[in-house]
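Asker: Curious how this folds, go ahead:
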Amino acid sequence: MKSWIAFWNILKKDVKSYYLKPPNISWGIIFPLSWTLMQLIRSPGGSILELLPGLISMSVLFGTTSMLAVTITFERSGRSFERLLLAPISISIMVLAKIAGTVLFGIFNAFVPVIFASFFIDFSMVNWGLLLFAVLMIATTSALMGLLIAVSAEQVFEAQTFSNFFRFPMLFLCGLFIPISSLPVFLRPLSYCLPLTYGTDILKGAITGTNILSPLLSFGMLPVFEVALFFICRHNINRKWIL
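Answerer: Residues are numbered from 1 along each chain as shown. Okay, here's the model as predicted:
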């Protein structure tokens with residue numbers, strides 16, 4: 001019971017303290033929002049539905065990684081993070097609480113392009129259950145990737161810089177806007193090593209019904225990425241934060 005109380009209080013504190021920090025507003029909200037508006041305005045009505053899975057994935061990716069970079073690096077630079085490490089709770093509970101707030105922020109961001117697109121297209125054919133599941137899985141894996149970056153950064157600008165090294169390449173390697181089949185042959189294996197590739201494919205199936213990969217493969221790979229990233233992050237935390 002005490003672990004869940006600690007979990008809830010860490011989550012609540014992050015929501016109150018960090019959701020409106022400047023890095024979250026700029027990279028987590030404004031950038032995905034401006035990109036969404038640009039794509040929706042320049043695209044004819046028939047292609048908005050095809051762009052939507054990529055816009056949702058991008059919004060989740062930037063929202064989650066920005067949120068986690070802010071919550072952890074602000075606390076580390078302000079020397080308040082040590083109190084969490086000294087608290088009588090497990091490191092896993094603390095990490096899960098940090099990730100939970102990030103995932104909620106990512107889910108919120110995911111529906112920004114959906115709301116804008118609703119003014120242009122009909123969503124009657126969308127599988128909302130599958131879409132929500134895909135958004136949740138993308139948010140979780142993106143949060144864990146952001147945690148992997150945040151562990152190594154001391155300041156917010158460092159975490160954001162490190163994040164951009166993998167966020168922007170993923171926009172072009174994961175089939176968000178450019179089909180994987182159109183990429184050079186030597187880059188395609190790299191695409192299948194990225195979890196966003198599988199999450200985006202599930203979104204395409206939920207929104208347009210045009211999966212490129214097998215749904216069983218996508219559903220199977222995302223939990224594998226999540227478990228692997230969690231244990232890698234847990235190992236790095238023990239090595240870099242626990243002296």
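
Asker: And the helices in this structure?
Answerer: Counting by DSSP state H, the segments of the chain that form helices are 2-18, 22-23, 31-42, 45-77, 81-86, 91-117, 128-152, 156-173, 188-191, 195-207, 215-240.

Asker: which residues of this structure score low on pLDDT?
Answerer: Scanning the chain for pLDDT under 70 picks out 1, 20-29, 31-32, 36, 39-46, 77-88, 156, 240-243.

Asker: if we can go back for a sec, mean neighbour count and distance to Ile180 added to the helices of the chain, as JSON lines?
Answerer: C-beta here means a position set from N, CA and C on the backbone, and glycine is covered the same way. Listed next are the helices of the chain as JSON lines, based on neighbours: other C-beta atoms under 10 Å; distance: least, C-beta to C-beta, whole Å:
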{"stretch": "helix 2-18", "mean neighbour count": "15", "distance to Ile180": "35"}
{"stretch": "helix 22-23", "mean neighbour count": "14", "distance to Ile180": "31"}
{"stretch": "helix 31-42", "mean neighbour count": "16", "distance to Ile180": "19"}
{"stretch": "helix 45-77", "mean neighbour count": "24", "distance to Ile180": "12"}
{"stretch": "helix 81-86", "mean neighbour count": "13", "distance to Ile180": "39"}
{"stretch": "helix 91-117", "mean neighbour count": "21", "distance to Ile180": "21"}
{"stretch": "helix 128-152", "mean neighbour count": "23", "distance to Ile180": "17"}
{"stretch": "helix 156-173", "mean neighbour count": "17", "distance to Ile180": "8"}
{"stretch": "helix 188-191", "mean neighbour count": "13", "distance to Ile180": "5"}
{"stretch": "helix 195-207", "mean neighbour count": "26", "distance to Ile180": "7"}
{"stretch": "helix 215-240", "mean neighbour count": "15", "distance to Ile180": "13"}
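
Asker: Can you add distance to Ser182 and give those back as TSV?
Answerer: As requested, the helices of the chain are exported to TSV (distance: least, C-beta to C-beta, whole Å):
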stretch	distance to Ser182
helix 2-18	38
helix 22-23	33
helix 31-42	18
helix 45-77	14
helix 81-86	43
helix 91-117	22
helix 128-152	22
helix 156-173	10
helix 188-191	10
helix 195-207	14
helix 215-240	20
